[in-house]
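S.K.: sequence unavailable; structure follows:
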Ligand SMILES: O=c1ccn([C@H]2C[C@H](O)[C@@H](CO)O2)c(=O)[nH]1
Ligand SMILES: [Zn+2]
């Protein structure tokens, strides 16, 4: 699985975005260590606190399927109607970073923010969530 293929999956995931309130459409593609891909989109609910980000949708689908080991996630997002490369990199919110820290290795897990299949940036989870509080701090 190449980064490029995973980015393509994230753009497909974005097509399912349900975002009637923000009209900001996000897609994520989560790659497991086994090589499976879980797609996720953002889902908005009128009572806004019930909404879910694309990244968490992908993680919760994977966890529900008994997946426990993750390699990377691609995130793509932008206002409805925008195509690849018309919008900036879409970074994960704080809640999603915390969810990633629950299930992923801080140094090894790759978070890929893509604008197109060629234009993307790669971060470690540690870079995005420094000084984290996670499982490791509770279960020594
Ligand atoms: O990384 C991000 C950033 C935002 N959103 C969603 C949440 C909300 O539905 C919309 C606007 O914030 O975009 C995501 O799914 N992932
Ligand atoms: Zn989020």
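M.R.: Yep, it's here. These numbers come from a predicted model, not from an experiment. Ligands and ions are numbered 1, 2, ... in the order given.
S.K.: the residue nearest to the spatial centre of the chain: what secondary structure?
M.R.: In the chain, the centroid-proximal residue (CA atoms, centre = their mean) is residue 55; its distance is 3.2 Å. Assigned with DSSP: H, G, I helix; E, B strand; the rest coil, residue 55 falls in the helix class.
S.K.: that one reaches residue 75, doesn't it?
M.R.: Yes. Using CB atoms under 8 Å, residue 55 is in contact with residue 75, at 6.2 Å. C-beta: built from backbone N, CA, C; applies to glycine.
S.K.: show me what contacts the residue nearest to the centre of the chain?
M.R.: Counting by CB atoms under 8 Å, 6 or more residues apart in numbering, residue 55 makes contact with 26, 28, 30, 40, 73, 75, 92, 96, 99, 100.
S.K.: contacts only, for the residue found closest to it once you drop the neighbours it is linked to in the chain.
M.R.: The shortest distance from residue 55 to any non-neighbouring residue, by CB to CB, 6 or more residues apart in numbering, is to residue 96 (4.1 Å). By CB under 8 Å, 6+ apart, the residues touching residue 96 are 53, 55, 56, 59.
S.K.: residue contacts, the spatially closest residue to residue 120 that is not a sequence neighbour?
M.R.: Closest residue to residue 120 apart from its sequence neighbours, by CB to CB, 6+ apart: residue 114 at 3.8 Å. For residue 114, the contact set (CB under 8 Å, 6+ apart) comprises 7, 10, 74, 75, 76, 89, 120, 121.
S.K.: could you work out the most separated pair of the residues you listed?
M.R.: The most widely separated members of these, counting by CB to CB, are 10 and 121 (13.6 Å).
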